[in-house]
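Student: Just need the structure, nothing else, for what follows:
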Amino acid sequence: MVETDHPRLFLHQFISPDLCKELEFIHKSCSTTGYRPNVFSTTLSHLIATNSSHLIIPFVSIRERLKEKVEEFFGCEYELFIEFTGLISWTRGANIGWHSDDNRPYLKQRHFAAVCYLNSYGIDFEGGIFHFQHGEPASVVPMTGDVLLYTADNRNIHSVDEIIDGERLTLTLWFTRDASHDEDTKLISFISSTLSDSSDTNIYRLLPSPASNNMYWFPPDQASNCQSGFDLRCARIYIVGYDIFCSRDKNYCSADDFSDSFFELLNEPLHLVWRSHLLIEEFVNILHALQVLQFYYWKHTEWQPSESKANSDDVVQMSESQTERIQHLKLLFVKNYQSAETTFTHSSRRSFLEQSIDWASFSAANVAWEAYTSKLHQEILSSFPEWKKYNSIFSNPSKGS
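Tutor: Residues are numbered from 1 along each chain as shown. Presented below is the predicted three-dimensional model:
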């Protein structure tokens with residue numbers, strides 16, 4: 001029985017491992033710098049703004065389940081609206097001291113919170129244990145699939161230990177009784193202005209479009225001059241052993257030149273490189289390459305390593321001059337590789353970077369990513385008319401999603 005002075009509920013393995021992995025894929029593909037130091041976030045509005053509206057589909061059913069559980073447990077059926085949904089990751093150095101979630105005047109509309117743990121303490125990260133100042137449970141050790149619900153007020157003042165290794169990932173929702181803060185209303189309006197009515201699923205119409213480049217530079221206070229830190233999109237590619245190669249000939253800016261052209265390289269077509277081998281497949285921008293790569297690591301166990309080498313038309317050996325250009329790009333976009341590695345990778349998993357790539361499996365993953373993207377796009381096209389009619393985002397079982 002949970003004491004009424006500090007209303008909260010812990011749900012063990014409420015979210016399936018498969019959904020946790022899917023949301024992790026989305027975050028590692030799309031995140032930007034977050035709202036506090038050493039934190040990264042992916043909001044639903046950001047997905048829509050970067051031409052990835054289809055990626056909100058995996059959130060729909062879990063948002064519903066969490067809202068129903070909050071209403072049931074706290075006795076406020078049919079009273080709540082979802083005020084915020086976001087993926088939030090905490091990396092080395094991130095922490096919060098004792099506070100309640102409504103202790104800032106502009107957040108007074110938040111009445112309840114749901115924190116869903118998408119990876120595990122001791123496996124994916126160290127530190128990051130959640131503590132309540134009073135009541136039971138006094139502490140929560142994050143484990144994949146577990147969920148914590150609590151009132152976002154001074155009855156549940158809490159803190160989070162500093163992250164000392166790895167990346168701690170959560171799906172976080174806040175709920176409100178104030179309809180003017182209903183997230184669905186804003187998201188539907190945003191989708192309506194960006195989603196084409198066409199059912200055309202040509203993959204080139206569904207490719208991600210980067211947000212403002214300074215949203216991807218870490219630490220944020222270096223985004224104006226980029227003298228230190230890294231572009232987090234590039235960092236997530238580099239730390240799993242890949243490089244990028246921009247395929248269009250141009251005069252590369254120097255490592256000390258931080259004009260707009262410095263970032264524009266990432267918005268142009270590029271290739272992925274593994275050691276001395278370049279994948280012929282061209283990606284339209286850095287987010288496209290990152291999304292396919294993260295999809296591969298999400299789904300790689302589904303493709304058995306090929307006994308044959310990749311088709312010679314798929315991979316080519318890099319020339320010396322190309323290798324020099326690759327190293328130049330790395331210097332431009334990741335000023336401190338060690339910082340990027342320690343930010344995103346648990347120390348026990350760094351040997352993963354030495355694994356070789358199976359290009360045939362990677363090609364299969366690329367095809368599967370296109371099918372996955374098209375399927376989600378079809379789902380959002382079929383669901384959106386009902387969402388717009390009822391001004392609410394919800395699952396529609398008749399759609400077979």
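Student: Check which element follows the lowest-mean-pLDDT helix or strand in the chain along the chain.
Tutor: Taking mean pLDDT, DSSP states H and E as the measure, helix 260-264 is the helix or strand of the chain with the lowest mean score, a mean of 73. Secondary structure here is assigned by DSSP states H and E; on that basis, the next helix or strand after helix 260-264 toward the C-terminus is strand 270-274.
Student: which strands and helices sit next to that next one?
Tutor: strand 242-246, strand 277-279, helix 286-299 (3 or more CB pairs under 8 Å, 6 or more residues apart in numbering; DSSP states H and E). Where you see a C-beta, it was placed from the backbone N, CA and C, and this is true even at glycine.
Student: For that strand, what does the pLDDT average out to?
Tutor: For strand 270-274, the mean pLDDT works out to 93.
Student: low-scoring stretches of the stretch 251-400 of the chain, by residue?
Tutor: Low-confidence segments of the stretch 251-400 of the chain, defined by pLDDT under 70, span residues 251-261, 303-313, 350-356, 397-400.
Student: so where do the helices sit in it?
Tutor: 260-264, 286-299, 320-333, 337-344, 359-390 (DSSP state H, counting those that start in this stretch).
Student: about what we covered before: would you format the helices and strands packed on strand 270-274 as JSON lines with mean neighbour count included?
Tutor: Shown next, in JSON lines, are the helices and strands packed on strand 270-274 (neighbours: other CB atoms under 10 Å):
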{"stretch": "strand 242-246", "mean neighbour count": "20"}
{"stretch": "strand 277-279", "mean neighbour count": "20"}
{"stretch": "helix 286-299", "mean neighbour count": "22"}
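Student: Between those, which one is closest to Ala211.
Tutor: When the helices and strands packed on strand 270-274 are compared for distance to Ala211 using CB to CB, the nearest one is helix 286-299, at 8.9 Å.
Student: what does the closest one rub up against?
Tutor: Among residues not part of helix 286-299, those counted as contacts by CB atoms under 8 Å, 6 or more residues apart in numbering are 21-22, 24-25, 28-30, 50, 207-210, 231, 233-234, 236-237, 240, 242, 244, 266-267, 270, 272, 283, 361-362, 365-366, 368-369, 372.
Student: Check the gap between Asn42 and Ser89 for me.
Tutor: Quick fix: residue 42 reads Thr, not Asn. For Thr42, the distance to Ser89 (CB to CB, to the nearest Å) stands at 9 Å.
Student: what sits in contact with each of these two?
Tutor: His27, Ser31.
Student: Could you tell me how far Tyr242 is located from Leu47?
Tutor: In this structure, Tyr242 lies at 24 Å from Leu47, with CB to CB as the measure.
Student: Show me where the stretch 51-200 of the chain has its helices.
Tutor: In the stretch 51-200 of the chain, the segments counted as helices under DSSP H, counting those that start in this stretch are 57-74, 183-194.
Student: can you pull the buried residues of stretch 17-34?
Tutor: 19-34 (16 or more other CB atoms under 10 Å).
Student: quick one: which of the residues you listed is nearest Pro220?
Tutor: Each of the buried residues of stretch 17-34 was scored against Pro220 by CB to CB, and Thr33 proved nearest at 4.9 Å.
Student: list the contacts for the closest one?
Tutor: With contacts taken as CB under 8 Å, 6+ apart, Thr33 has the following neighbours: Val39, Phe40, Ser41, Met215, Tyr216, Trp217, Phe218, Pro219, Pro220, Leu232.
Student: any idea how far the nearest residue to the fourth one once chain neighbours are set aside lies from His6?
Tutor: Read that as Met215. In space, and not counting its chain neighbours, Met215 is closest to Thr32: 4.2 Å by CB to CB, 6 or more residues apart in numbering. Going from Thr32 to His6 by CB to CB gives 34 Å.
Student: My guess is Asn95 contacts Asp161. True?
Tutor: Yes - with the criterion set as CB atoms under 8 Å, Asn95 and Asp161 qualify as a contacting pair; they are 6.2 Å apart.
Student: shared neighbours of those two, anything?
Tutor: Gly127.
Student: beta partners of Trp174?
Tutor: Bridge pairing for Trp174 (DSSP bridges) gives the partners Phe84, Ala113.
Student: show me what contacts Phe73?
Tutor: Contacts for Phe73 were tallied using CB under 8 Å, 6+ apart; they are Pro7, Leu9, Leu149.
Student: quick check: domain ranges of the chain?
Tutor: Listed by automatic domain parsing, the domain ranges of the chain are 8-195, 213-376.
Student: Quick one: end-to-end length of the first one, please.
Tutor: End-to-end distance for domain 8-195, by CA to CA, to the nearest Å: 38 Å.
Student: Now do the strands in the stretch 101-250 of the chain.
Tutor: Assignment of strands within the stretch 101-250 of the chain using DSSP state E, counting those that start in this stretch yields the ranges 112-117, 125-127, 130-132, 139-140, 147-151, 158-160, 163-166, 168-176, 217-218, 230-231, 242-246.
Student: Just give me the neighbour total for Asp101.
Tutor: With neighbours defined by other CB atoms under 10 Å, the count for Asp101 comes to 21.
Student: Quick one, grab the pLDDT at it.
Tutor: pLDDT at Asp101 comes out at 75.
Student: quick one: it and Ser247, what's the gap?
Tutor: Note on Asp101: its distance to Ser247, by CB to CB, is 46 Å.
Student: Just the buried residues of the contacts of Thr33.
Tutor: Burial of the contacts of Thr33 was assessed by neighbour count (16+ other CB under 10 Å); the buried members are Val39, Phe40, Ser41, Tyr216, Trp217, Phe218, Leu232.
Student: thinking again about what came up before, now, the buried residues of stretch 17-34 that are in helices?
Tutor: Counting by DSSP state H, the members of the buried residues of stretch 17-34 that fall within helices are Leu19, Cys20, Lys21, Glu22, Leu23, Glu24, Phe25, Ile26, His27, Lys28, Ser29, Cys30.
Student: Pick the one among those residues closest to Ser120.
Tutor: Using CB to CB, Cys20 is the member of these that sits closest to Ser120, with 9.6 Å.
Student: list the contacts for the closest residue to that closest one other than its chain neighbours?
Tutor: Ranked by CB to CB, 6+ apart and with sequence neighbours excluded, the top spatial neighbour of Cys20 is Leu118, at 4.4 Å. Contacts here follow CB under 8 Å, 6+ apart; on that basis Leu118 touches Ile15, Cys20, Leu23, Glu24, Leu87, Thr144, Gly145, Leu169, Thr170, Leu171.
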